[in-house]
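[1] here's a sequence, model it:
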Amino acid sequence: MSKLVRFGVSLEEDLLVKFDKHIKKNKYTNRSEALRDMIREELVKKEWTENKEVTGAITLVYDHHTRELVTKVLDVQHDYHTCILSTQHIHLDHRNCFEIIVTKGRSKEIEELYQKLKAIKNVKHAGFMMATKGKDLP
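    Here you go, the predicted structure:
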(Lines give C-alpha, C1' and ligand atoms only; values in the text may rest on other atoms or scores of the structure.)
Protein backbone atom coordinates (compact mmCIF):
# COMPACT_ATOMS: atom_id res chain seq x y z
CA MET A 1 0.00 0.00 0.00
CA SER A 2 1.22 3.49 -0.84
CA LYS A 3 2.18 6.00 1.80
CA LEU A 4 -0.62 8.47 2.54
CA VAL A 5 0.38 12.09 1.89
CA ARG A 6 -1.65 15.09 3.01
CA PHE A 7 -1.69 18.36 1.08
CA GLY A 8 -3.76 21.52 1.01
CA VAL A 9 -5.98 22.70 -1.82
CA SER A 10 -7.31 26.21 -2.29
CA LEU A 11 -10.61 26.63 -4.14
CA GLU A 12 -13.10 29.36 -4.77
CA GLU A 13 -16.00 29.02 -2.35
CA ASP A 14 -18.57 28.51 -5.15
CA LEU A 15 -16.49 25.68 -6.64
CA LEU A 16 -16.16 24.02 -3.23
CA VAL A 17 -19.93 24.20 -2.71
CA LYS A 18 -20.47 22.49 -6.09
CA PHE A 19 -17.81 19.91 -5.25
CA ASP A 20 -19.49 19.13 -1.92
CA LYS A 21 -22.84 18.69 -3.71
CA HIS A 22 -21.09 16.29 -6.12
CA ILE A 23 -19.70 14.37 -3.15
CA LYS A 24 -23.10 14.08 -1.51
CA LYS A 25 -24.90 13.14 -4.75
CA ASN A 26 -22.36 10.42 -5.54
CA LYS A 27 -22.26 9.19 -1.93
CA TYR A 28 -18.54 9.66 -1.33
CA THR A 29 -17.59 9.41 2.32
CA ASN A 30 -15.30 12.44 2.12
CA ARG A 31 -13.56 14.91 -0.18
CA SER A 32 -10.40 12.81 -0.35
CA GLU A 33 -12.26 9.83 -1.82
CA ALA A 34 -13.94 12.03 -4.42
CA LEU A 35 -10.67 13.70 -5.36
CA ARG A 36 -8.86 10.33 -5.65
CA ASP A 37 -11.62 9.06 -7.93
CA MET A 38 -11.44 12.13 -10.16
CA ILE A 39 -7.63 11.87 -10.42
CA ARG A 40 -7.83 8.18 -11.34
CA GLU A 41 -10.46 8.95 -13.98
CA GLU A 42 -8.16 11.53 -15.56
CA LEU A 43 -5.24 9.07 -15.50
CA VAL A 44 -7.38 6.47 -17.31
CA LYS A 45 -8.29 9.07 -19.96
CA LYS A 46 -4.57 9.82 -20.34
CA GLU A 47 -3.83 6.13 -20.98
CA TRP A 48 -6.45 6.19 -23.74
CA THR A 49 -5.14 9.36 -25.38
CA GLU A 50 -1.59 7.97 -25.36
CA ASN A 51 -2.66 4.77 -27.17
CA LYS A 52 -1.53 2.53 -24.31
CA GLU A 53 -2.72 -1.02 -23.78
CA VAL A 54 -6.07 -0.65 -22.03
CA THR A 55 -9.30 -2.51 -21.50
CA GLY A 56 -12.93 -1.55 -21.90
CA ALA A 57 -16.41 -2.66 -22.89
CA ILE A 58 -18.53 -2.04 -25.93
CA THR A 59 -22.28 -2.56 -25.75
CA LEU A 60 -24.71 -2.98 -28.64
CA VAL A 61 -28.47 -3.23 -28.90
CA TYR A 62 -29.89 -4.52 -32.17
CA ASP A 63 -32.77 -6.44 -33.72
CA HIS A 64 -31.33 -9.82 -34.65
CA HIS A 65 -34.11 -10.33 -37.22
CA THR A 66 -32.73 -7.49 -39.38
CA ARG A 67 -31.32 -9.07 -42.50
CA GLU A 68 -27.52 -9.53 -42.50
CA LEU A 69 -27.08 -7.43 -39.33
CA VAL A 70 -25.75 -10.24 -37.13
CA THR A 71 -23.36 -11.29 -39.92
CA LYS A 72 -22.04 -7.73 -40.22
CA VAL A 73 -21.55 -7.43 -36.44
CA LEU A 74 -19.70 -10.75 -36.35
CA ASP A 75 -17.57 -9.89 -39.40
CA VAL A 76 -16.34 -6.71 -37.71
CA GLN A 77 -15.63 -8.61 -34.50
CA HIS A 78 -13.61 -11.19 -36.41
CA ASP A 79 -11.58 -8.39 -38.02
CA TYR A 80 -10.64 -7.24 -34.49
CA HIS A 81 -10.31 -10.65 -32.80
CA THR A 82 -6.91 -9.72 -31.35
CA CYS A 83 -8.44 -7.08 -29.07
CA ILE A 84 -11.64 -8.93 -28.08
CA LEU A 85 -11.39 -10.93 -24.87
CA SER A 86 -15.01 -12.01 -24.60
CA THR A 87 -18.51 -11.37 -25.85
CA GLN A 88 -21.82 -11.95 -24.13
CA HIS A 89 -25.06 -12.11 -26.08
CA ILE A 90 -28.28 -11.47 -24.17
CA HIS A 91 -31.81 -11.87 -25.53
CA LEU A 92 -33.85 -8.89 -24.35
CA ASP A 93 -37.05 -10.07 -26.03
CA HIS A 94 -38.03 -11.99 -29.15
CA ARG A 95 -36.39 -9.45 -31.49
CA ASN A 96 -33.88 -7.39 -29.55
CA CYS A 97 -30.45 -8.45 -28.37
CA PHE A 98 -27.90 -6.84 -26.09
CA GLU A 99 -24.26 -7.65 -26.70
CA ILE A 100 -21.32 -6.89 -24.42
CA ILE A 101 -17.84 -7.01 -25.95
CA VAL A 102 -14.94 -6.95 -23.49
CA THR A 103 -11.77 -5.60 -25.04
CA LYS A 104 -8.05 -5.37 -24.29
CA GLY A 105 -5.46 -3.78 -26.55
CA ARG A 106 -4.23 -0.46 -27.85
CA SER A 107 -6.81 2.25 -27.31
CA LYS A 108 -6.86 3.39 -30.95
CA GLU A 109 -7.70 -0.12 -32.16
CA ILE A 110 -10.48 -0.51 -29.58
CA GLU A 111 -11.93 2.89 -30.48
CA GLU A 112 -11.79 1.92 -34.16
CA LEU A 113 -13.66 -1.32 -33.39
CA TYR A 114 -16.30 0.66 -31.48
CA GLN A 115 -16.77 3.16 -34.31
CA LYS A 116 -17.16 0.40 -36.90
CA LEU A 117 -19.72 -1.49 -34.81
CA LYS A 118 -21.63 1.70 -34.00
CA ALA A 119 -21.76 2.66 -37.68
CA ILE A 120 -23.37 -0.60 -38.83
CA LYS A 121 -26.80 0.20 -40.24
CA ASN A 122 -29.66 -0.83 -37.92
CA VAL A 123 -27.61 -1.02 -34.72
CA LYS A 124 -30.10 0.65 -32.40
CA HIS A 125 -27.65 1.73 -29.71
CA ALA A 126 -23.94 1.44 -29.04
CA GLY A 127 -22.11 2.35 -25.86
CA PHE A 128 -18.49 2.47 -24.86
CA MET A 129 -16.76 2.36 -21.49
CA MET A 130 -13.06 3.09 -21.11
CA ALA A 131 -11.16 1.26 -18.40
CA THR A 132 -7.59 0.56 -17.45
CA LYS A 133 -5.59 -2.58 -16.87
CA GLY A 134 -4.83 -0.96 -13.53
CA LYS A 135 -1.10 -1.62 -13.37
CA ASP A 136 -0.17 2.07 -13.49
CA LEU A 137 -2.79 3.21 -10.98
CA PRO A 138 -2.36 3.09 -7.20
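[2] C-alpha from now on. contacts and neighbour counts both.
    Will do.
[3] please identify the buried residues of the lowest-mean-pLDDT helix or strand in the chain?
    Within the chain, confidence by mean pLDDT, DSSP states H and E is lowest for helix 31-49 among all helices and strands, at a mean of 92. For helix 31-49, the neighbour count (16 or more other CA atoms under 10 Å) marks 34, 44, 47, 48 as buried.
[4] for the third one, what are its contacts?
    With contact set as CA atoms under 8 Å, 6 or more residues apart in numbering, residue 47 has these partners: 53, 54, 107, 132.
[5] name the nearest residue to residue 107, ignoring sequence neighbours.
    residue 51 (4.9 Å; CA to CA, 6 or more residues apart in numbering).
[6] now residue 80
    Nearest to residue 80 is residue 113, by CA to CA, 6+ apart, at 6.7 Å.
[7] can you tell me the SS state at residue 120?
    coil (DSSP: H, G, I helix; E, B strand; the rest coil).
[8] err, residue 102, not the other one
    The three-state label given to residue 102 by three-state DSSP is strand.
[9] that one: how many residues sit nearby?
    Neighbours of residue 102 under the rule other CA atoms under 10 Å: 18.
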